[in-house]
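Enquirer: After the sequence you'll find the predicted model.
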Amino acid sequence: MRPSPCFHGASDLCLIFLDDQAKRRYKKEPSHQRYRGAQKGSRSKTLAFPRSPQRRRACAEMAGGGLAPSNGDVKHYNGRVTSFVIVTCVIAATGGLIFGYDIGVSGGVTSMDEFLEKFFPSVYQQEKTASGSKNQWCQFDSQMLTSFTSSLYVAGLISTYFASMVTQAFGRKSSMLFGGAAFLLGSAINGVAMNVAMLIIGRILLGVGVGFANQAVPLYLSEMAPPQLRGALNMGFQMATTIGIFVAGLVNYGTGKLHAGYGWRISVALAAVPALIMTLGAIALPDTPNSLVERGLRDQAKATLQKIRGTDDVEAELQDMIEATEEAKKVSDPWSSILRPEHRPHLVMAIAIPMFQQLTGINVIMFYAPVLFKTIGFGDSASLMSAVISGLVNVFATTVSIATVDKFGRRILFLEGGIQMVVSQVAVGAILGTFFGDAGTGKLSPGLANLVLALICVYVAAFAWSWGPLGWLVPSEIFPLNIRSAGQSIVVGVNFFFTFVIAQLFLMALCHLKSGLFHLFAAFVVVMTLFVVFLVPETKGVPIEEMTLVWKKHWFWKKYMLDDRITPSEHRRED
Ligand code: BGC
């Protein structure tokens, strides 16, 4: 028998891959002991022995809070963490930077006078005449202006579906290459845009780039990375997103000061930098061994595996990969499976969590912070600086989540973050309502304007350690293996759809609801916090083979759990 790596979290499905000796040892392990060990994050002993690396990876990902490996006795395949794996980290970070830069750049650009004067003269006129006398809530309301921001997400939403086909048929590298190239072209067209049509075409190409990059890069990472680096890499992607948003804020601040008429061009064209890195990276890097095996290119897969693991002896891992690929082909259609009653909680989470993440209103701040700050009376430069400050808070608060999520759990972060967001949103709404007035003709004193900025930073921090990273992490750890890919696609699609809705409707909503808009988002956060209280179970440290048990014990979700779905620990109890 080939020695098999041992993982802390194996799914029900993983049991299929246990060899006989491993099965016997697994069944002897008292489940309560293992489960408690997992809950406390303590070191636990021999657990399950899925033989395929893909199963093990998926099991470890799900069990360990979204990509963490076992904290039990992990035996690795031959090999070491090579510089090659470090390069994949850079590729991942670049994918996140692209996503983040896009999120951060449009708000700054749409608040620049030269940009508005050239492409949206009516908005520019509105803005100039609004000062002091007219209703400032509506100064930026233009469907054309919002379509500049939101068109990217419609394109991303549609292209993610095609990306999944390209990624499967032609490999992860092809999608990254295509995404990077579309992104490069989009940033070039935007940089030299002469009219609104060119602007929107550029944005659509950027959207195609993000759609492909967001679909392929995380997959590329999860297949290239050794299991013990997986958790850090997953969170690293979100971290890079926040860095991208922050850098975009800084660039806008710098170009906003130029006043030479072309500052906005530099801002949008600089998106080419991360895109170029990803495109060149995709050309230089080989595809993942898993994808090569899937496409029948076993010799290439072996050569790649030898290169990324830094050893010639990769036979065991390669063999497991081949077996796993054969097995994966037997799994029934995940799209019909996800609609079955026993997957109802998973389906609800796949839709509700990304939807709620966007209904926190975070992208109002990410996209439109400079516009918002201008509305409440900051000058041009101060508005752009405010976006830089909130961007920096976003980056640092994300590290808080990385440090605490596996220690204190998901629910506490969700709940604390939710309460903190509601308090700050209600306060911002109240200050603006009182001092700025619904007529939008009042003026905030510099002290109050700074207080609003501080409260917005409190809100951003709360998001960055709760719904920001958890909005991606929690769905990824609740899906059983057979519906994971389909579930993940739903999460991405729902996220992009609601990003589009917020981007498209915000400026109009600001014009109509005024300060009440902040109270509307606060109400959404109350609803989603109650959703967490009643419907989201704690998943910290729960091994994937116990995840069904989590739903079975849940006061509401248990009714969807079929009795014949017995978890491995229940098997052991029966024994
Ligand atoms: C969200 C983005 C958001 C970003 C802010 C991500 O998790 O999906 O929509 O702009 O966080 O940091």
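Expert: All right, it came through fine. Numbering: from 1, shown residues only.
Enquirer: Near the ligand, which residues of the protein are found?
Expert: 103, 238, 241-242, 245, 357, 362-363, 366, 394, 468, 471-472, 495, 499 (C-beta under 6 Å from any ligand atom). C-betas here are computed from N, CA, C, even on glycine.
Enquirer: Now do the contacts for residue 408.
Expert: By C-beta atoms under 8 Å, 6 or more residues apart in numbering, the contact set of residue 408 is residue 540.
Enquirer: re the thing from before, among the residues of the chain next to the ligand, which are in helices?
Expert: 103, 238, 241-242, 245, 357, 362-363, 366, 394, 468, 471-472, 495, 499 (DSSP state H).
Enquirer: Quickly check those for the two that are furthest apart.
Expert: 394 and 495 (17.0 Å; C-beta to C-beta).
Enquirer: what sits against the residue of the stretch 251-400 of the chain found nearest the ligand?
Expert: The minimum distance from the stretch 251-400 of the chain to the ligand, using C-beta to the nearest ligand atom, falls at residue 366 (4.3 Å). Shown in contact with residue 366 (C-beta under 8 Å, 6+ apart): 103-104, 107, 245, 394.
Enquirer: Check it and give its pLDDT.
Expert: The score at residue 366 is 83. That number is its pLDDT.
Enquirer: mind checking how far residue 108 is from residue 251?
Expert: From residue 108 across to residue 251, the span is 8 Å (C-beta to C-beta, to the nearest Å).
Enquirer: So if I had to pick from those two, which one is more boxed in?
Expert: residue 108 (30 against 24; other C-beta atoms under 10 Å).
Enquirer: OK, contacts around that one?
Expert: By C-beta under 8 Å, 6+ apart, the neighbours of residue 108 are 248-249, 251-253, 256, 267, 370, 384, 387.
Enquirer: so which of these is the most crowded?
Expert: Neighbour max across those (other C-beta under 10 Å) = residue 252, 32 neighbours.
Enquirer: Doesn't that residue lie inside a helix?
Expert: Yes: assigned with DSSP: H, G, I helix; E, B strand; the rest coil, residue 252 falls within a helix.
Enquirer: Check what pLDDT it gets.
Expert: Residue 252 is given a pLDDT of 87.
Enquirer: now residue 113
Expert: pLDDT, residue 113: 82.
Enquirer: Wait, it touches residue 125, no?
Expert: No: with contact defined as C-beta atoms under 8 Å, residue 113 and residue 125 do not form a contacting pair (11.3 Å).
Enquirer: neighbours around the nearest residue to residue 201 once chain neighbours are set aside, how many?
Expert: Nearest residue to residue 201, sequence neighbours excluded (C-beta to C-beta, 6 or more residues apart in numbering): residue 189, at 5.9 Å. Residues lying near residue 189 (other C-beta under 10 Å) number 20.
Enquirer: and the helix or strand harbouring residue 189, what does it pack onto?
Expert: Assigned by DSSP states H and E, residue 189 belongs to helix 172-191. The contact analysis (3 or more C-beta pairs under 8 Å, 6 or more residues apart in numbering; DSSP states H and E) places helix 172-191 against helix 83-109, helix 143-170, helix 196-224, helix 263-269, helix 272-284.
Enquirer: Mind putting those helices into a markdown table with mean pLDDT?
Expert: What follows is those, written out as a markdown table (pLDDT from 0 to 100):
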| stretch | mean pLDDT |
| --- | --- |
| helix 83-109 | 78 |
| helix 143-170 | 81 |
| helix 196-224 | 83 |
| helix 263-269 | 91 |
| helix 272-284 | 86 |
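Enquirer: Which one of those helices lies nearest to residue 339?
Expert: helix 143-170 (17.8 Å).
Enquirer: Quick one: work out the angle between the closest one and helix 83-109.
Expert: Orientation of helix 143-170 against helix 83-109 (axes from the mean of the first three to the mean of the last three C-alpha atoms, to 10 degrees) gives an angle of 160 degrees.
Enquirer: Just the buried residues of helix 143-170, please?
Expert: 145-160, 163-164, 166-167 (16 or more other C-beta atoms under 10 Å).
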